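Colleague: A predicted structure for the sequence below; I have some questions about it.
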Amino acid sequence: MYYVKDFMTPKPICLNDNNSLHKGRTLMRKHSIRHIPVNEAETNKFAGILTQKVVLSHAISIINSKGLEHLEETEKSISVKDVMDIEVVTVSPDTLLLDAALFFQDQRHGCLAVIEGEILVGILTSGDFVKYAIRSLEA
């Protein structure tokens, strides 16, 4: 039997809720990732997820209303706290991997936050399943 803890990315790149949207977009581009967990700055408790979909949506809106030359400046004035997804499904490291896979199939979300108590310990993405499938097919 496999568990989420066997396939999750432990200690993923994270943001604090007081970071800017610009920092989030920059991290996504630099590390080629689509989801960044967000922790409360003061308590380090898990607070939500910043998704590529939200980042792109805001970028398009800013460019359309203010122009490309104002994108970075405007993003720096927007807090991650104001745009992150707080309606996030979480799982424990001991969740069966099959249950996580069924969630991805049924809900069409791109990631699950892996939580112990109120602290983020990892992230499981649909991409982790693709990596697993590749390894299995190569074996």
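Modeller: Here it is on my side, so go on.
Colleague: list the buried residues for stretch 66-81?
Modeller: By neighbour count with 16 or more other CB atoms under 10 Å, stretch 66-81 contains the buried residues Leu71, Thr74, Glu75, Val80, Lys81. Glycine gets a C-beta too; all of them are placed from N, C-alpha and C.
Colleague: relative to Arg25, which of the residues you listed is nearest.
Modeller: Closest approach to Arg25 among those (CB to CB): Glu75, at 6.3 Å.
Colleague: distance check, that closest one against Asp17.
Modeller: Going from Glu75 to Asp17 by CB to CB, to the nearest Å gives 16 Å.
Colleague: stretch 22-41: which residues count as buried?
Modeller: For stretch 22-41, a neighbour-count test (16+ other CB under 10 Å) marks 22-25, 27-28, 33-39 as buried.
Colleague: cool, stretch 83-103 as well?
Modeller: Val83, Met84, Val88, Val91, Pro93, Thr95, Leu97, Ala100, Ala101, Phe103.
Colleague: take those residues and write them to TSV, including distance to Gly127, secondary structure and pLDDT.
Modeller: Conversion of those to TSV gives the following (distance: CB to CB, whole Å; DSSP: H, G, I helix; E, B strand; the rest coil; pLDDT from 0 to 100):
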residue	distance to Gly127	secondary structure	pLDDT
Val83	22	helix	96
Met84	20	coil	96
Val88	17	coil	89
Val91	16	strand	95
Pro93	18	coil	97
Thr95	18	coil	96
Leu97	14	helix	92
Ala100	13	helix	92
Ala101	13	helix	89
Phe103	15	helix	89
